[in-house]
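Chemist: have a look; sequence and predicted model below, questions after that.
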Amino acid sequence: MALSIFFQYYLMLIVMISVFHLDTTDAQTGACYGFLGNNLPPPGEVIALCKQHNILRVRIYNPNPQVLEALKGSNVSVMVGVENENIISIAHDPNLANSWVQNNVLKYPNVNFRYIAVGNEIAPDGAGSSIAPYLAPAMQNVYNALTAAGLGQTIKVSTALSMGVLASSYPPSQGSFKDPSFINPIVAFLSEIQSPFLVNVYPYFAYISDPADIDLDYAIFTSPGAVVKDGAYEYQNLFSAMVDAVHAALEHAGAPNVEVVVSETGWPSAGGTATTIDNAKSYNSNLLKMVKNGTPRKPGKPLETYIFDLIDENEKEPETENHWGIFLPDKQPKYPLSFN
């Protein structure tokens, strides 16, 4: 028994050391690493590809053991997702949260865990509405489990939400949340534990939903000048306007100090409207430049951002979903892109 306790303490110590050394680079950008493809390279090769191209932050949507093993000893940090289907059970039973942390964090010493994202795009309306009431309690239980392991202040707990949680996003200064009973406990919890608000931001979907009123150049960062003026703030690209709408919503919700992290964004290269290699390259290359300098509401503050997707996934639907990768399955870049 004493040996078992010592071993658990040893594991916890190694994990804490790895987390304290998490920020080994000033890079603010990473990529989302999905697994829905039957022709993807092995995780070890994917992590090596990330290091080769200076992609030092990745997001995975579940605690894939092969990926976590590949991350051991690397300087690539990871955002790990708790899958939506596990949220209700974790909300009901703190022991399940403890087991999740034991099996998916403490089991992998020397991995740079950055965030635990409890669920992806849960909302009180739509397909995941039955899960929504349990999201905040599940986040609390995961946080409590990390705290019990001594990691509550070093691995941040959050949830990745969509722009659909906003009631208003235009003009950006009028950004506000809908359904306070859902969002307020989440925002209050993030403020209390000093964790970021993770949000998936897709100018592509905004553009294709209203191409008559949204100019393509505004959506892919190629407008020559300001397109939207909102009081003292001027917007030359749609991405910054969308992110600042979230900043404004947090301010209106009484949480101006909660940081925004863009947990997904990108542009597909084929399969739909305005989906070309050139447009994808323009969007992602300009995005990497823009996030270094922040948004009009947060000038000079780099915006941590994860590009979706790392590698094309050929088992997704509809067709557009197969072409978000910045790399092909053979690990060749689709176009030049610098994460330096």
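Modeler: Great, that's in hand. Numbers count the residues shown, from 1 in each chain.
Chemist: how about the strands in the stretch 1-150 of the chain?
Modeler: With DSSP state E, counting those that start in this stretch, the ranges of strands along the stretch 1-150 of the chain come out as 29-32, 57-60, 77-82, 112-120.
Chemist: which strands and helices lie in contact with the longest one?
Modeler: Helices and strands touching strand 112-120, as assessed by 3 or more C-beta pairs under 8 Å, 6 or more residues apart in numbering; DSSP states H and E, comprise helix 2-20, strand 77-82, helix 87-92, helix 135-148, strand 156-162, strand 197-200. In short, each C-beta sits where N, CA and C put it, glycine included.
Chemist: go again using 6 Å as the cut-off
Modeler: Using 3 or more C-beta pairs under 6 Å, 6 or more residues apart in numbering; DSSP states H and E, the elements in contact with strand 112-120 are strand 77-82, helix 135-148, strand 156-162.
Chemist: out of the ones you listed, which is closest to Asp330?
Modeler: Asp330 lies closest, by C-beta to C-beta, to one member of the helices and strands packed on strand 112-120: strand 77-82, at 23.8 Å.
Chemist: now Pro268: which helix or strand?
Modeler: Using DSSP states H and E, Pro268 sits in no helix or strand.
Chemist: which residues touch it?
Modeler: By C-beta atoms under 6 Å, 6 or more residues apart in numbering, the contact set of Pro268 is 275, 320, 323-324.
Chemist: sort out for me which of those are in helices.
Modeler: The helices in this structure, assigned by DSSP state H, contain none of the contacts of Pro268.
Chemist: which two from these end up farthest apart in space?
Modeler: Farthest apart among the contacts of Pro268 by C-beta to C-beta are Thr275 and Trp324. That separation is 9.4 Å.
Chemist: of the two, which one has the most company?
Modeler: Counting neighbours by other C-beta atoms under 10 Å for Thr275 and for Trp324 shows that Trp324 has the greater number, 27 against 18.
Chemist: residues contacting the more buried one?
Modeler: Contacts of Trp324 (C-beta under 6 Å, 6+ apart): 266, 268, 308-309.
Chemist: taking those residues, please make a PyMOL selection of just the buried ones.
Modeler: Applying 16 or more other C-beta atoms under 10 Å to the contacts of Trp324, the buried members can be selected in PyMOL as follows:
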select buried, resi 266+268+308+309
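Chemist: ends of stretch 167-180, what's the gap?
Modeler: Stretch 167-180 has its terminal residues 10 Å apart, counting by C-alpha to C-alpha, to the nearest Å.
Chemist: hey, which helix or strand in this protein has the poorest pLDDT?
Modeler: helix 2-20 (a mean of 41; mean pLDDT, DSSP states H and E).
Chemist: buried residues, stretch 275-285. List them.
Modeler: For stretch 275-285, a neighbour-count test (16+ other C-beta under 10 Å) marks 275, 279-285 as buried.
Chemist: name the nearest of those residues relative to Gln28.
Modeler: The closest of the buried residues of stretch 275-285 to Gln28 turns out to be Asn284 (C-beta to C-beta; 14.1 Å).
Chemist: for that closest one, what are phi and psi?
Modeler: As for Asn284, its main-chain torsions (degrees, to the nearest 10) stand at phi -70, psi -40.
Chemist: where does pLDDT dip in this protein?
Modeler: Applying pLDDT under 70 to the chain picks out residues 1-27.
Chemist: what about the helices in it?
Modeler: Assigned by DSSP H, the helices in the chain fall at 2-20, 43-52, 65-71, 87-92, 94-101, 135-148, 180-193, 203-209, 216-219, 238-252, 277-290.
Chemist: just put the helices and strands packed on strand 112-120 in CSV and tack on distance to Val262.
Modeler: CSV is the format used below for the helices and strands packed on strand 112-120 (distance: least, C-beta to C-beta, whole Å):
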stretch, distance to Val262
strand 77-82, 12
helix 135-148, 19
strand 156-162, 10
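Chemist: just send these back as JSON lines, with mean neighbour count and distance to Ser338 too.
Modeler: Converted to JSON lines, the helices and strands packed on strand 112-120 look like this (neighbours: other C-beta atoms under 10 Å; distance: least, C-beta to C-beta, whole Å):
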{"stretch": "strand 77-82", "mean neighbour count": "24", "distance to Ser338": "19"}
{"stretch": "helix 135-148", "mean neighbour count": "22", "distance to Ser338": "34"}
{"stretch": "strand 156-162", "mean neighbour count": "24", "distance to Ser338": "26"}
